[in-house]
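Asks: what would the 3D arrangement of this be:
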Amino acid sequence: MLYDFNALISNKDIFYEEFISKHTTVIEMNNDLRIQKVLAYYTQIFEILTAPFNVQTLLKQFEDLTQYKISMEIPFAVMINEISWIKSTIIFNNIQKNKNPDIIKILNLFDTIENSIAQVYLLKYLENLISKNNIRRSSLSDLSEKNLIIHYEAHLIWLTNLAQHIKSKDKSKFPELNHTLCAFGKWLHGDGKKTIHNNSKYKELYTIHEKLHHYAQNIYDIIEEKEHSILITYLEKCEIISLSIGTELSLLDQIMINKRITKDTLTGSLNRHALADLFESQYELALATNSHFTLAMCDLDYFKNVNDTYGHLAGDQVLKMFVKIVKKNIRSSDMIIRYGGEEFVIILPTIDKKKGFFILEKIRDEFAQTEVVFDDKIMKATVSMGMMEIKPEKLFHKEFTDEYLMIVDKNLYIAKEDGRNRVKVY
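Replies: Numbers count the residues shown, from 1 in each chain. As a prediction, the model looks like this:
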């Protein structure tokens, strides 16, 4: 069957230029090669649209473009938005010109294109999800201590099984759809109730886990139909919720670990000997849950002057006050570790750069405003910090701990060089 839209696209150049101006902003504008390649694809697509063509010719061009867009990590929604623009522009431009386009024919053609694109995206998404889940499980297997997070590992297996069944369109031996009967659900409705003492956390886990299985049921209901874009939507929701479960369990795990670790006898912060294990554990958990965390190095400014002027016992009170202020502003799953005399490391799980800076800046400001009274003497001190956000993308190596600590330590040095009493972000 031949299509002919030539009469519907009265000015191909204007149509093309308007499209390009709206839809090339998602490309890295400093990458001329990528821009030129995408433009070449769309040039060919517009040439096809403005001459008689069959659907397979157009589909092939869009599928090739889709593969390239996937390699550029352009989201599915962006690609579909581009196609929708072409479709709606052809229809509405001609209605405004009192032409009478065969709207049903146009809609059917573009529905075919969108579904073809969705199928390409879905298959790639399934391959990536299975691969990422293998990495996530490998990351979890390397943890030296597993508490609640082991139940997240069980749900990663469930999610991988779901992806494999979508890929094969096989409804037999489908992953457990009842949220109370999967491995995680059995634990959550059993021992999980006794283990998770925070009732609001338990209710949150219960609700999101139930919702995850609801989306899995929706997938089961349409898996044999060619509803690829809907499958992508449901599968994305399943992955996001699964990662949320992992994140919540990792935070609960960290609370348990923090309670167990030996504390610094003076300040009550965590002991430096635990730093390497804590960092590795946090890195592995962040990789497994596709999350990030904030790492910071803190050093009290001119602390030697405090000791020399007021004495070491007074200096001890300043150190204890700093740790007290930090603990006041962080969660029980966060970590403050005494790294040296007046140096501390802070680790904030699931916290990105923007929020991490806000928390550290709040700590810095409150500490600078606080008076420490000792032996009828009033003291004030400030702190400098170097911080960074870490988003793991590959399996942990032992040298990572020192490498990342060197980065935040360098930022700390810059903060001091810039005048102290500030937070420097990497």
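Asks: show me where the stretch 201-350 of the chain has its helices.
Replies: 228-260, 275-288, 303-310, 312-329 (DSSP state H, counting those that start in this stretch).
Asks: buried sites along the longest one?
Replies: The one in question is helix 228-260. 228-229, 231-239, 241-255, 257-258 (16 or more other C-beta atoms under 10 Å). C-beta here means a position set from N, CA and C on the backbone, and glycine is covered the same way.
Asks: out of the helices of the stretch 201-350 of the chain, nearest to residue 191?
Replies: Of all the helices of the stretch 201-350 of the chain, it is helix 228-260 that lies closest to residue 191, at 13.2 Å by C-beta to C-beta.
Asks: list the helices and strands the closest one packs on?
Replies: helix 76-96, helix 103-141, helix 149-168, helix 199-222, helix 275-288, strand 343-349 (3 or more C-beta pairs under 8 Å, 6 or more residues apart in numbering; DSSP states H and E).
Asks: redo the ones you listed as a markdown table? Include mean pLDDT.
Replies: Shown next, in a markdown table, are the helices and strands packed on helix 228-260 (pLDDT from 0 to 100):
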| stretch | mean pLDDT |
| --- | --- |
| helix 76-96 | 82 |
| helix 103-141 | 93 |
| helix 149-168 | 94 |
| helix 199-222 | 95 |
| helix 275-288 | 95 |
| strand 343-349 | 98 |
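Asks: now the ones you listed as CSV including mean neighbour count?
Replies: Formatted as CSV, the helices and strands packed on helix 228-260 follow (neighbours: other C-beta atoms under 10 Å):
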stretch, mean neighbour count
helix 76-96, 16
helix 103-141, 17
helix 149-168, 20
helix 199-222, 17
helix 275-288, 22
strand 343-349, 23
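Asks: what would those look like in JSON lines with distance to residue 295?
Replies: Below are these laid out as JSON lines (distance: least, C-beta to C-beta, whole Å):
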{"stretch": "helix 76-96", "distance to residue 295": "32"}
{"stretch": "helix 103-141", "distance to residue 295": "18"}
{"stretch": "helix 149-168", "distance to residue 295": "20"}
{"stretch": "helix 199-222", "distance to residue 295": "25"}
{"stretch": "helix 275-288", "distance to residue 295": "8"}
{"stretch": "strand 343-349", "distance to residue 295": "6"}
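Asks: wait, which of those is closest to residue 395?
Replies: helix 103-141 (6.3 Å).
Asks: the inter-axis angle of the closest one versus helix 228-260?
Replies: If you take axes from the mean of the first three to the mean of the last three C-alpha atoms, to 10 degrees, helix 103-141 sits at 20 degrees to helix 228-260.
Asks: mind listing what's buried along the host helix or strand of residue 57?
Replies: Assigned by DSSP states H and E, residue 57 belongs to helix 55-71. Neighbour counts over helix 55-71 (16+ other C-beta under 10 Å) mark 58, 59, 61, 62, 65, 66, 69, 70 as buried.
Asks: I'd like to know which elements it is packed against.
Replies: Using 3+ C-beta pairs under 8 Å, 6+ apart, helix 55-71 is in contact with helix 32-49, helix 76-96, helix 103-141.
Asks: quick one: which of those helices is nearest residue 153?
Replies: Using C-beta to C-beta, the nearest of these to residue 153 is helix 103-141, at 5.0 Å.
Asks: and that closest one with helix 76-96, angle?
Replies: Going by the same axes, to 10 degrees, helix 103-141 makes 170 degrees with helix 76-96.
Asks: helix 103-141 - contacts with which helices or strands?
Replies: helix 55-71, helix 76-96, helix 149-168, helix 228-260, helix 275-288.
Asks: the ones you listed: which one's closest to residue 391?
Replies: Comparing the helices and strands packed on helix 103-141 by C-beta to C-beta, helix 275-288 comes nearest, at 7.3 Å.
Asks: just the C-alpha atoms of the closest one, please, in CSV.
Replies: Extracted in CSV, the C-alpha atoms of helix 275-288 (Å, rounded to 0.1, in the frame of the first residue of the first chain):
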residue,chain,number,x,y,z
LEU,A,275,35.3,3.7,57.4
ALA,A,276,36.6,1.4,54.7
ASP,A,277,33.8,-1.2,55.3
LEU,A,278,31.1,1.5,55.6
PHE,A,279,32.2,3.2,52.3
GLU,A,280,32.3,-0.1,50.4
SER,A,281,29.0,-1.2,51.8
GLN,A,282,27.4,2.1,50.8
TYR,A,283,28.9,2.0,47.4
GLU,A,284,27.6,-1.5,46.8
LEU,A,285,24.1,-0.6,48.0
ALA,A,286,24.0,2.5,45.9
LEU,A,287,25.0,0.4,42.8
ALA,A,288,22.4,-2.2,43.6
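Asks: between helix 103-141 and that helix, find me the angle.
Replies: 160 degrees.
Asks: on contacts alone, who are the packing partners of the helix or strand of the chain with the lowest mean pLDDT?
Replies: When each helix and strand of the chain is scored by mean pLDDT, DSSP states H and E, helix 12-23 comes last, with a mean of 72. Applying 3+ C-beta pairs under 8 Å, 6+ apart, we find helix 12-23 packed against helix 32-49, helix 76-96.
Asks: which one of the ones you listed lies closest to residue 209?
Replies: Short answer: helix 76-96, nearest of the helices and strands packed on helix 12-23 by C-beta to C-beta, at 25.5 Å.
Asks: report all helices and strands that the closest one contacts.
Replies: Against helix 76-96 (3+ C-beta pairs under 8 Å, 6+ apart) you get helix 12-23, helix 55-71, helix 103-141, helix 228-260.
Asks: redo these as a markdown table? Include distance to residue 79.
Replies: Output for the helices and strands packed on helix 76-96, formatted as a markdown table (distance: least, C-beta to C-beta, whole Å):
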| stretch | distance to residue 79 |
| --- | --- |
| helix 12-23 | 10 |
| helix 55-71 | 6 |
| helix 103-141 | 6 |
| helix 228-260 | 11 |
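Asks: tell me the secondary structure for residue 389?
Replies: strand (DSSP: H, G, I helix; E, B strand; the rest coil).
Asks: might one say that it is in contact with residue 353?
Replies: Yes - contact status for residue 389 versus residue 353: in contact at 3.8 Å, counting by C-beta atoms under 8 Å.
Asks: shared neighbours, these two?
Replies: residue 294 (C-beta atoms under 8 Å, 6 or more residues apart in numbering).
Asks: now do the phi/psi pair for residue 386.
Replies: Main-chain dihedrals, residue 386, degrees, to the nearest 10: phi -120, psi 130.
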